[in-house]
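1. quick one: sequence plus predicted model below, questions after.
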Number of protein chains: 2
Amino acid sequence: MNHPHPAPVDLAAAKRPFPDALLAALKALLGERVSTAAAVREHHGRDESPFDPIAPDAVAYAHSTEEVVQIVRLCARYDVPIIPYGAGSSLEGHLLAVQGGLTIDLSEMNQIVSVNAEDLTVTVQPGISRKTLNEGLRDTGLFFPIDPGADASIGGMCATRASGTNAVRYGTMRENVLGLTVVLADGRVIKTGSRARKSSAGYDLTRLFVGSEGTLGIITEATVRLYPQPEAVSAAVCAFSSMGDAVQCVIETIQLGVPVARVEFVDGLAIRAINQHSKFTLTESPTLFFEFHGSPTGVHEQAETVQALASEHGGQGFEWATQQEERSRLWSARHNAYFAMLQLKPGCRAVTTDVCVPISRLTECVVETEQDLKASPLPCPIVGHVGDGNFHVAILVDPDKPEELLEAERLNQRIVERAIAMGGTCTGEHGVGLHKMGFLVSEHGEDAIDVMRSIKAALDPRNLLNPGKIFRMPA
Amino acid sequence: MNHPHPAPVDLAAAKRPFPDALLAALKALLGERVSTAAAVREHHGRDESPFDPIAPDAVAYAHSTEEVVQIVRLCARYDVPIIPYGAGSSLEGHLLAVQGGLTIDLSEMNQIVSVNAEDLTVTVQPGISRKTLNEGLRDTGLFFPIDPGADASIGGMCATRASGTNAVRYGTMRENVLGLTVVLADGRVIKTGSRARKSSAGYDLTRLFVGSEGTLGIITEATVRLYPQPEAVSAAVCAFSSMGDAVQCVIETIQLGVPVARVEFVDGLAIRAINQHSKFTLTESPTLFFEFHGSPTGVHEQAETVQALASEHGGQGFEWATQQEERSRLWSARHNAYFAMLQLKPGCRAVTTDVCVPISRLTECVVETEQDLKASPLPCPIVGHVGDGNFHVAILVDPDKPEELLEAERLNQRIVERAIAMGGTCTGEHGVGLHKMGFLVSEHGEDAIDVMRSIKAALDPRNLLNPGKIFRMPA
């Protein structure tokens, strides 16, 4: 039997009562769409973090904004916490029901509400996944670029301010959400932003809800930006003899202003995992994956510039993938890297780091991190959205061995402290959840966290919405 | 003597006392750098809006974050309002001391703190102007792209979420501020964001302060993104036979994904003003100004695509400006359009509209607006950042004629209502100030404004920071 890896919360202190009367009222409202079955609760009380699940008391499946309003009002009446749930792919314990309560599963609110091809925008329900969205857009010639590793829901991606491999060119959820429909803690519904590309009309509520991890409101609709499918696309893979050389090549690419669409770093160990998982035969050394978007001549020009930079840094075997199929295979291998890495150590779980530093410090940060990892007994493959200064170490732990969990947290702490000391952040794209609450204080200082707390208290005075995440509230 | 054009506030109800003891304490702190001279107060109680000045009780010139802290603490002790002041170039009454109080002039905090060329970032004090910043960056090969018409201060541009002609390519202040140092209403100092390009570390306080118009905190330092000077630049001017044709050409350019750096619409009347003011001989018909940035071949390709689109819409006399001097002359004419337009009607002031609509509605919006303007007795030149869906009508009024002011507000109201009905915003880049408080409610609804109010109350419970702007607080 596995040793537990409990989330860092005092459950005994936190759990709130879940009255039978609330359950009865939810059943009256939703019928079969509310469940207290153990399997359903357990499934909703976990995410992709290494923490043991903490199940909610019940799970409700909402089908409309109006239903979310009714559910929130009922929970508010009984002072019961509410946790919004999309695809369950978050990585920092965001979904664990640390104070009990009701999980609202939004995965059945998964429709495209309207495509505005002329405006390059689409309005969607929160439960639609990024892949389903792009499949739905196929005939429009447009696409939505943000691509975290998992097939996350758009609502969840808003909530964690997600990004992925395309952010270096297209930005993150911060830049790509134009407006939201949000159900507040008291059941009021607001619409933030507009479909205009820019606005100075009051406080930026859209950006406040983006990254609020379900603690300020429940997102029930989102309008996001789309982009024309590029006329030409090419991809390339290039191996380097050291991490430092690979990262330096990226830094110079960015500093030259080359509008590269993707540039991903994968270390030798992660390449081995990808080779095994996706049947590739890539050289098992530090590697960059590139993608270029633009006109045919633009793509050619970008690729030439980058290939020259790679050569200067000893890059070898620049391999091109110009056919759509080849490219898809390459990028799907990159996207599956997380699951491939898990297979390096059967039965393991991953403690995943997510620091992001100013790009001038990236080589130093990665090289020092590599030294830490080499000195550790744990396998620690590295992948990174290095064009943004963001990289992930997947620290592979045997959940039966508490000493490995301790070692993973020790490594994580060193990596985060180094990033913050370099002017960076403890999380580039995964969010804070339960796991990074302490680091958030180191990064921003108590006064800034107090400002966040006062906003939370103003919008959710009874601390009903995903309580216990991002920061602790005074009792 | 001019008839007054008072701002829409009840001064008698609003004015708060300014105790002698506060003035004495400020003089002890700042010496000569606090003033109650009528000319100084009057100068700080106005902006570029058509409203009559409302002078603060005193003006203090701060030289450091620590001084701002001391000043804020003193004002808080005496319950006296505080208005941050940069260049005085705002357009909606942002700087008028509607409840009296102290204006903190930050224009002497105008230094570049540090340039991080490798990271493409610069950290500045808030009082530096955008032109001074770019002069200071000249040797780095980098530039800061955001360019409102006036030579505004960077702090003021953060506070109003400014943009300008480059936003279509480089974004607005929303996308280009990485982090801020902010003095809160109680004198605490926080640093938001980091120098990393992206982060999911807690609530997006940076974006909350960007666009908060001095009502949530006083910005005393800002870190903003820079861009490499493009390898090649070319500019062009093209005249059209109708507004609709010109705007349709822009819409198709954006929808094709052409990464145009600037695309500005100027109507025939505004061209006449520019011709007179800047000694040009442009055809006095609806005109687009373009600028293309990139590699030499990229620029050539973009320009060819756009020239073909322009021809399809009857664009004539596509004139190129490839030399730096020619381009500078062209764009400085465009930047001076506001002042040029004022000279169309000697002694006039401008009521400036600032709507922004989804680009699919832009032609309809501009054409219907043109019909309104033709039916009005007032001269109303139009300029627009049409690549963003944003355009400005400068309604030229004789301040001696109250009926003209009424007519201007009538036109403004029609234009804003139309934009909101089309899914747009009442202000693309100027902010709300005093002038658009009513429209803000129409645009977002009372519940969303209540969320803004509750954030304001949480961060500034005594309503000390630029009170009476953006929305009304309950008494």
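-> Done, it's in.

2. which parts of the stretch 51-200 of chain A sit against chain B?
-> A:116-121, A:160-163, A:167, A:171-172, A:174-175, A:184, A:188-192, A:194-200 (CB under 8 Å from any CB of the partner chain). Every residue, glycine included, has its C-beta placed from N, CA and C.

3. 7 Å instead, please
-> Within the stretch 51-200 of chain A, the positions near chain B by CB under 7 Å from any CB of the partner chain are A:116, A:118-120, A:160-161, A:163, A:167, A:172, A:174-175, A:188, A:190-192, A:194-200.

4. where do the helices sit along the stretch 101-250 of chain A?
-> A:130-137, A:154-160, A:167-170, A:173-176, A:205-209, A:243-255 (DSSP state H, counting those that start in this stretch).

5. could you chop chain A up by domain?
-> A:11-108, A:112-228, A:231-337, A:345-434 (automatic domain parsing).

6. and the second one, how far from the chain's centre?
-> Read it as domain A:112-228. 13 Å (CA atoms, centre = their mean, to the nearest Å).

7. and for stretch A:382-400?
-> The chain centre lies 13 Å from the centre of stretch A:382-400; the measure is CA atoms, centre = their mean.

8. can you give me the end-to-end span of that stretch?
-> 23 Å (CA to CA, to the nearest Å).

9. which positions within the lengthiest helix in chain A qualify as buried?
-> The residue-count maximum for a helix in chain A (DSSP state H) belongs to helix A:402-421. Using 16 or more other CB atoms under 10 Å in any protein chain shown as the burial criterion, the residues of helix A:402-421 that qualify are A:404-405, A:407-409, A:411-412, A:414-416, A:418-420.

10. out of the residues you listed, which is nearest to B:Ser234?
-> Nearest to B:Ser234 among those: A:Ala419, at 41.0 Å, using CB to CB.

11. the closest one contacts A:Glu368, correct?
-> No: the pair A:Ala419 / A:Glu368 is not scored as a contact, 10.3 Å apart, by CB atoms under 7 Å.

12. what is the burial count for A:Asp20?
-> Neighbourhood size, A:Asp20 [other CB atoms under 10 Å in any protein chain shown]: 9.

13. from A:Ala55, how far out is it?
-> 17 Å (CB to CB, to the nearest Å).

14. also A:Phe290?
-> For A:Phe290 relative to A:Ala55 (CB to CB), the value is 43 Å.

15. then A:Asn275?
-> 38 Å.

16. for those two, indicate the residue with more neighbours.
-> Per other CB under 10 Å, whichever of A:Asn275 and A:Ala55 has more neighbours is A:Ala55, with 20 against 16.

17. next up, the contacts around that one.
-> When contacts are counted by CB atoms under 7 Å, 6 or more residues apart in numbering or on different chains, A:Ala55 touches A:41-42, A:45, A:97.

18. try 8 Å
-> Contacts here follow CB atoms under 8 Å, 6 or more residues apart in numbering or on different chains; on that basis A:Ala55 touches A:38, A:41-42, A:44-45, A:97.

19. any of those residues buried? List them.
-> With burial judged by 16+ other CB under 10 Å, the buried subset of the contacts of A:Ala55 is A:41, A:44-45, A:97.

20. between these, which is nearest A:Gly298?
-> Taking those together and measuring to A:Gly298 by CB to CB, the closest member is A:His44, at 45.8 Å.

21. check contacts around the nearest residue to A:Ile82 once chain neighbours are set aside.
-> With sequence-adjacent residues excluded and distances taken as CB to CB, 6 or more residues apart in numbering or on different chains, A:Ile82 is closest to A:Cys75, at 5.0 Å. Listed by CB under 8 Å, 6+ apart, the contact set of A:Cys75 reads A:22, A:81-82, A:101-102, A:464.

22. which strand or helix spans A:Cys75?
-> helix A:65-77 (DSSP states H and E).
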